[in-house]
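[1] Fold the following, please.
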Amino acid sequence: MSAFREEGRIIVAIPARFSRAQEREWVEKMVADLERKESRRRPSDAELARRATELSARYLGGRAVPASVAWSARQKKRWGSCTPSDRSIRLSTRLQGMPAWVVDYVLLHELNHLLHVHHDAAFWAELSVYPEHERAKAFLDGVSWADRAGAPADLDDDVLEDEGDDDAPGAAALW
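    Below is the predicted model:
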């Protein structure tokens with residue numbers, strides 16, 4: 001038995017021998033299980049903000065305090081962005097469903113922009129304390145590579161500054 005999403009619909013596979021009553025029971029259970037799993041992998045803006053507070057406390061001594069943290073469906077080319085002037089952080093909805101350690105890395109990267117505007121040595125030194133730093137960067141590089149359908153990737157420059165079309169002006173962003 002299995003349940004998964006395909007083209008916006010939930011598909012449930014159950015044995016053909018099930019009675020109508022068993023079918024209703026198991027479809028309901030499996031849909032509920034799938035939705036519960038999906039909700040854990042797609043935290044709300046409030047849960048994202050709570051996680052930002054936890055990450056700041058654990059890795060940045062609580063020094064990075066965002067005014068807002070939210071998902072953004074407008075970020076098609078970036079994993080996340082931060083506008084230090086208003087202390088807002090946005091993460092691309094493309095991250096939803098990715099492993100938590102990847103989302104944490106992007107969130108920590110953007111939190112770090114509240115302390116260091118530029119990607120200088122101090123920025124990277126501060127971010128390197130996250131144990132999954134290199135692994136998460138490699139994961140995102142792989143996703144970016146696949147998204148570009150094999151186009152050459154510049155792995156030395158995976159971070160882009162504001163390019164103007166994804167979110168707020170002056171935002172620093174993680175590619």
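
[2] CA only for contacts and neighbour counts going forward, please
    Will do.

[3] give me the low-pLDDT residue ranges for the protein?
    Scanning the chain with the threshold set as pLDDT under 70 gives 8, 38-42, 149-175.

[4] again, 80 this time
    5-8, 34-43, 149-175 (pLDDT under 80).

[5] mind listing the strands for it?
    Secondary structure of the chain (DSSP state E): strands located at 2-6, 9-13, 68-72, 80-83, 88-92, 159-160, 172-174.

[6] what's the closest of those strands to residue 131?
    Closest to residue 131 of these is strand 172-174 (C-alpha to C-alpha; 18.0 Å).

[7] Need the strands of the chain in TSV (columns: distance to residue 34 and mean neighbour count).
    Shown next, in TSV, are these (distance: least, C-alpha to C-alpha, whole Å; neighbours: other C-alpha atoms under 10 Å):
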stretch	distance to residue 34	mean neighbour count
strand 2-6	7	12
strand 9-13	9	14
strand 68-72	21	20
strand 80-83	27	28
strand 88-92	22	25
strand 159-160	34	16
strand 172-174	30	25
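
[8] Those into JSON lines, with extra columns for distance to residue 48?
    Output for the strands of the chain, formatted as JSON lines (distance: least, C-alpha to C-alpha, whole Å):
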{"stretch": "strand 2-6", "distance to residue 48": "24"}
{"stretch": "strand 9-13", "distance to residue 48": "26"}
{"stretch": "strand 68-72", "distance to residue 48": "7"}
{"stretch": "strand 80-83", "distance to residue 48": "13"}
{"stretch": "strand 88-92", "distance to residue 48": "9"}
{"stretch": "strand 159-160", "distance to residue 48": "21"}
{"stretch": "strand 172-174", "distance to residue 48": "17"}
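
[9] Looking at those, spot the one closest to residue 49.
    Each of those has some distance to residue 49 by C-alpha to C-alpha; the shortest is strand 68-72, at 5.1 Å.

[10] Does anything pack onto that closest one? Which helices or strands?
    Contact partners of strand 68-72 among helices and strands, from 3 or more C-alpha pairs under 8 Å, 6 or more residues apart in numbering; DSSP states H and E: helix 45-59, strand 88-92.
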